[in-house]
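K.L.:
Need a 3D model of the following:
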Amino acid sequence: MATVVTVHGTFAHSGGTAEALHIGGEGTAEWWQKNGAFVADLKTLVTGSADGRLDVVPFTWSANNSELDRRRGGSELLKLLRSLDEKDEPYAVVGHSHGGSVIAAALIESVARGKPLTHLKRWVTVGTPFVGMRKERFLFSRVSLTGQVIFVASLMLFMMFLFYVAGELLSGGFDVGPEGYGGLLFSGTMMSLPILFYYIVFRYLDHRKLIGYSRGTAEKARAAYADKWLPLVHKDDEAVHGLRYLPKADLHFFEDDFAAGTLTKASIVALPLIYLMIVMSPKMMLGLSDFLQDKVYGVQRFVGAGPGAAPSMSAEQRNANQVRDELRRFNRRIREADEQAERGGLEATKAEDARRRASELRREMRAKRRQIEITFPEFVNAERAQRFKERFLERNGRVCPGGRLCGGGQDYILNSKLLFHVVTDELTAAVVNEDMLGGTHGNVLRLATPVVLVPVAFALLALGVLALIQYAASHLSVYVSRALNRMTRAEVKRSTFGNDTDGEVVVGADYGPSWLDPVTCLLPEAVSDKISDHSNAMMAQSVTKLRSAISTLAFSESEDRKAGLIAGYLSWKELVHTCYFDVEAFRKIVAQALSQSEGFAPTEAFRHDGSYATTESWVAALGRPLDPAMPETGLAVDGGPPPQTA
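P.N.:
I've put the predicted structure just below:
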């Protein structure tokens, strides 16, 4: 008895069985199932050459778009093929789409594990995009995340030893001990044993996992299975050509300026963030305070370090203190006169005398100030230095540690007061003449200056920050877009190819496995046209059904419901890739290929079929080694159309 094993492709079933029919009993089973049209044709057209019996065994795997699942499927398929091999009977395998990848995985594993399939007579792949992989260069990159963590942990002991030796050498007091450098070398060797152990383990596991990368294995597989392989591909197969083109596609998902607008919006909150950053930075606040104290106010020059520094005061400091004491006496007398005027009550005469005395004192004080400014021009600066010191450099009349900003820059309330002082008092002092500060106009101007100028100054600063952020955002967006495009392209390719392996990278997809030489595999034009016509007809039917259901889709409230309705109107035969086996002419090509294999034979019904001679010539041309000098010509067979070449 001869056996044919059928292997479905990706997404070919959802937990169905080998005998499952379509829901409701309509139509036929899938091509790979026992009740399908392909299996029926095989039993009509092909037989076992020994006893005339033919058995068809459907093989099911997860059908996920996963490289690991395809390899696991290959391992399970190898078990099935080994069980057939033990019967000493001929068998063949037919796989569609990534079912062909599962077959290739089983064959390469059979060679790597030393489990030959001596009775395999033919393996046929239909529309299979064989994914080419390469392993990462370094072993560490090929190890799983868990393995990488363990490997790094094994480095710790040796790394600690190296740091110990380096520390001793840098300190200049390294002592090798009585054992000398031999003992040091022995210690280093012992510390490296965990690394060596795990390296050997991971190397062994890597060799066991990546069985297809051995040159010897590839050569053995080529010698054992190359002449038994027949690849069949339609020239317009969407899956095969799509995956073949994908590595060359320069997919662009993000424009260069996609992030510029979003990043530029940061300028809206840039100033508040800068303010908070400065307020909460002790280093910046201490630096600002020291700059104001030394370069702006000259606190040491006019005020000194504090009460205890009086004996070492300069002449300027003593003059400033004397003038300040004299003005304080004037201020005290003015306050007393104002208080007497307020306490005068109904005694108008006393109140009036007090107000007159206060007015005279103010005139005297202004005259005194003018005189002071003539004799002591730096008095105003000395006053500002004194105010700054009292506000920010003293607490309870005592100078803060080091004569620097109180709180060491960690008192955020005082920090905020200092910044507010800079944008109000300093701005006012720069704009308003001190001669006007004693009058009403001066007081109004003193209050109005920060209200008007500070927002203007901050607006100009904000515009500057905006321009800077726009410039930075435009350039940053370019680099971000390139990085995201690169990562997205890699993820799209990884997902599309189903690469969920560790330490392997997809190179691309082609008509055959990397361990086989390219051969003629494109179907003849006559058969290709029939498959295309069938696919187009199925697409037309689906469009017609979908058009008639537009109103149902429009009034369906649930998005999941809409997706379900759309899926219900598709036959999943609208693609060339999915309808190979729906075309009788194609099924006969596969049957012809199997019937010409050792241990198989065509039935009498097939020999008398009108298409027998045509399919025989087609199959004879298919699978021939590809002539590099004539990649697109092919050979005319029995007056028929020339077969296309890969």
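
K.L.:
Domains in the chain, by residue range?
P.N.:
Domain segmentation of the chain under automatic domain parsing yields 2-135+214-246+508-528+577-621, 139-213, 269-431, 529-576.

K.L.:
Those: which one's closest to residue 502?
P.N.:
domain 139-213 (4.8 Å; C-beta to C-beta). All C-beta spots, glycine's among them, are computed from the backbone N, C-alpha and C.

K.L.:
taking the mean pLDDT, what do you get for that closest one?
P.N.:
Domain 139-213 comes out with an average pLDDT of 82.

K.L.:
and if you look at stretch 78-96?
P.N.:
Per-residue pLDDT values over stretch 78-96 give a mean of 96.

K.L.:
tell me what the helix or strand where residue 287 lies is packed against?
P.N.:
According to DSSP states H and E, residue 287 maps onto helix 282-291. Applying 3 or more C-beta pairs under 8 Å, 6 or more residues apart in numbering; DSSP states H and E, we find helix 282-291 packed against helix 270-279, helix 412-421.

K.L.:
Strands of the stretch 301-450 of the chain, residue ranges please.
P.N.:
Taking DSSP state E, counting those that start in this stretch as the test, the strands found in the stretch 301-450 of the chain are 394-395, 398-399.

K.L.:
Including distance to residue 412, mean neighbour count and mean pLDDT, could the ones you listed go into a markdown table?
P.N.:
Listed next are those as a markdown table, based on distance: least, C-beta to C-beta, whole Å; neighbours: other C-beta atoms under 10 Å; pLDDT from 0 to 100:
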| stretch | distance to residue 412 | mean neighbour count | mean pLDDT |
| --- | --- | --- | --- |
| strand 394-395 | 16 | 15 | 90 |
| strand 398-399 | 21 | 15 | 89 |
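
K.L.:
Export those strands as JSON lines, with columns for distance to residue 516.
P.N.:
Below are the strands of the stretch 301-450 of the chain laid out as JSON lines (distance: least, C-beta to C-beta, whole Å):
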{"stretch": "strand 394-395", "distance to residue 516": "86"}
{"stretch": "strand 398-399", "distance to residue 516": "88"}
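
K.L.:
I'd like to know which of those is closest to residue 513.
P.N.:
strand 394-395 (82.0 Å).

K.L.:
Give the partner strands of that closest one in its sheet and their orientations.
P.N.:
Here strand 394-395 is paired, per DSSP bridges, with strand 398-399 (antiparallel).

K.L.:
that older thread, other residues contacting the helix holding residue 287?
P.N.:
Helix 282-291 is contacted by residues 277-279, 392-393, 404-405, 408-410, 415, 418-419, 422 when judged by C-beta atoms under 8 Å, 6 or more residues apart in numbering.

K.L.:
Buried ones only from those residues, please, as a PyMOL command.
P.N.:
Selection of the buried residues among those in PyMOL, burial being defined by 16 or more other C-beta atoms under 10 Å:
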select buried, resi 278+279+392+393+404+405+409+415+418
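
K.L.:
which of the contacts of helix 282-291 lies closest to residue 610?
P.N.:
residue 277 (86.6 Å).

K.L.:
Disregarding flanking residues, what is the spatial nearest neighbour of that closest one?
P.N.:
Nearest residue to residue 277, sequence neighbours excluded (C-beta to C-beta, 6 or more residues apart in numbering): residue 284, at 7.8 Å.

K.L.:
neighbours around the one you found, how many?
P.N.:
Neighbourhood size, residue 284 [other C-beta atoms under 10 Å]: 14.

K.L.:
same deal with residue 541?
P.N.:
The number of residues packed around residue 541, counting by other C-beta under 10 Å, is 15.

K.L.:
For the helix or strand containing residue 526, buried residues please.
P.N.:
Following DSSP H and E, one finds residue 526 within helix 525-548. Using 16+ other C-beta under 10 Å as the test for burial, helix 525-548 gives 527-528, 530-532, 534-535, 538, 542, 546.

K.L.:
need the contact list for the residue lying closest to residue 85 once chain neighbours are set aside.
P.N.:
In this structure, residue 85 finds its nearest non-sequential neighbour in residue 119, 5.0 Å apart by C-beta to C-beta, 6+ apart. Counting by C-beta under 8 Å, 6+ apart, residue 119 touches 84-85, 87-91, 599.

K.L.:
hang on, residue 5 in a helix?
P.N.:
No - counting by DSSP: H, G, I helix; E, B strand; the rest coil, one finds residue 5 to be strand, located in no helix.

K.L.:
so what pLDDT did it get?
P.N.:
At residue 5, the model reports a pLDDT of 97.

K.L.:
Check residue 446 too.
P.N.:
So residue 446 comes in at 55 (pLDDT).

K.L.:
Can you say which of the helices and strands packed on helix 282-291 is packed in most?
P.N.:
helix 412-421 (a mean of 16; mean count of other C-beta atoms under 10 Å).

K.L.:
Roughly how far does the spatially most central residue of the chain sit from residue 497?
P.N.:
Central residue of the chain (C-alpha atoms, centre = their mean): residue 487, 5.5 Å from the mean position. Distance of residue 487 to residue 497, computed by C-beta to C-beta, to the nearest Å: 16 Å.

K.L.:
Repeat that for residue 158.
P.N.:
As judged by C-beta to C-beta, residue 158 and residue 497 stand 38 Å apart.

K.L.:
out of the two, which sits in the more crowded spot?
P.N.:
Shown here are residue 158 and residue 497; by other C-beta under 10 Å, residue 497 has more neighbours (22 against 18).
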